[in-house]
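Trainee: Fold the following for me, if possible:
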Amino acid sequence: MKVIITGASGFIGRNLLSRIGSINDIIPIPCNKTTNNSELKKILSEAQFVVHLAAVHRPIDDNEYDVVNNGLTETIINNLKNTGNCCSILYSSSVQAQDDTIYGHSKLNAENRLIEYSVQTGATVGMYRFTNIFGKWATPNHHSVVATFCYNISRDIPIKINNPLHIMKLCYIDDVIDSIITSIYSIYNLKNQVEYLDLPSSCLYSISLSELAEYLYGFRKGDYSIKANDLDYMLKTRLLMTYLSYLS
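Mentor: The predicted structure is shown next:
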């Protein structure tokens, strides 16, 4: 199966490529900012599945929300339709698609355009509304508060917490990649469906900002002790692995 991965050099894309490269029946074809229009058209004409991860989150110019989040989605759809290759698409959206913000509107508009694509072509579209993904290769001050805290604390740079009691909903990158790969197989041969996909509840974590900072400052002091019977064992283990990835 030839799987096109847009945003392949981004946080989720890098992790997906790292994992998917070892799967024998999937041929990953990365697409990123250096892929020009003619190259994109060619690889989409050969695609058997598209994982659309490319997006902008905090651009310098707000117009980039429309150019990338909307425009690239439209370009992908048009190229697939023009070549008669209406394969399934798995889209990385955001919980902020429900918010009244420029970013939220851009993600919701892309979702709606993909729904139209499914109705018009009979292709299946799967969509995740992700929130606060953390793990290796996330960019500090960009992808998640966990990335920013890990980077700063590991380098003795102060962190800022406006509301220590604020509860964060987190999901770990490896769990996200597991779910994406499972979804590729589950919707590959489906037709005429639009599915909003969810991570298993066991992969979602809740933690206050003060607790998050406390754990990370403990790691900074060399306290890596995590007891198997701790209620938050899995979360602390994943936070430790993430923290250690910022030490190099």
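Trainee: Every contact and neighbour count from this point should use C-alpha atoms.
Mentor: Noted.
Trainee: May I see the buried residues of the one helix or strand residue 80 maps to?
Mentor: Assessed by DSSP states H and E, residue 80 sits inside helix 73-82. For helix 73-82, the neighbour count (16 or more other Cα atoms under 10 Å) marks 73, 74, 76, 77, 79, 80, 81 as buried.
Trainee: what does it contact?
Mentor: With contact meaning Cα atoms under 8 Å, 6 or more residues apart in numbering, helix 73-82 is reached by 41, 44, 45, 86, 87, 110, 113, 114, 117, 121.
Trainee: Extract the C-alpha set from that helix and format it as PDB.
Mentor: The C-alpha coordinates for helix 73-82 follow below in PDB (Å, rounded to 0.1, in the frame of the first residue of the first chain):
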ATOM      1  CA  THR A  73      -6.400  20.400   1.800                       C
ATOM      2  CA  GLU A  74      -8.200  21.700  -1.300                       C
ATOM      3  CA  THR A  75      -5.100  21.100  -3.500                       C
ATOM      4  CA  ILE A  76      -4.900  17.500  -2.300                       C
ATOM      5  CA  ILE A  77      -8.600  16.900  -3.000                       C
ATOM      6  CA  ASN A  78      -8.500  18.500  -6.400                       C
ATOM      7  CA  ASN A  79      -5.400  16.500  -7.500                       C
ATOM      8  CA  LEU A  80      -7.000  13.200  -6.400                       C
ATOM      9  CA  LYS A  81     -10.200  14.000  -8.200                       C
ATOM     10  CA  ASN A  82      -8.500  15.200 -11.400                       C
END
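Trainee: Quick check: residue 68 vs residue 117, distance?
Mentor: For residue 68, the distance to residue 117 (Cα to Cα, to the nearest Å) stands at 18 Å.
Trainee: more crowded one of these two?
Mentor: Counted by other Cα atoms under 10 Å, residue 68 and residue 117 do not tie: residue 117 has more neighbours, with 24 against 17.
Trainee: Return the residues in contact with the more buried one.
Mentor: Residue 117 makes contact with 77, 123 under the criterion Cα under 8 Å, 6+ apart.
Trainee: in the helix or strand encompassing it, what's buried?
Mentor: According to DSSP H and E, residue 117 maps onto helix 102-121. By neighbour count on 16+ other Cα under 10 Å, the buried set for helix 102-121 is 103-111, 113-118, 121.
Trainee: can you give me the offset of it from its chain's centre?
Mentor: Here helix 102-121 shows a centroid-to-chain-centroid distance of 17 Å under the convention Cα atoms, centre = their mean, to the nearest Å.
Trainee: can you check stretch 160-167 too?
Mentor: Once both centres are worked out by Cα atoms, centre = their mean, stretch 160-167 turns out to sit 24 Å from its chain's centre.
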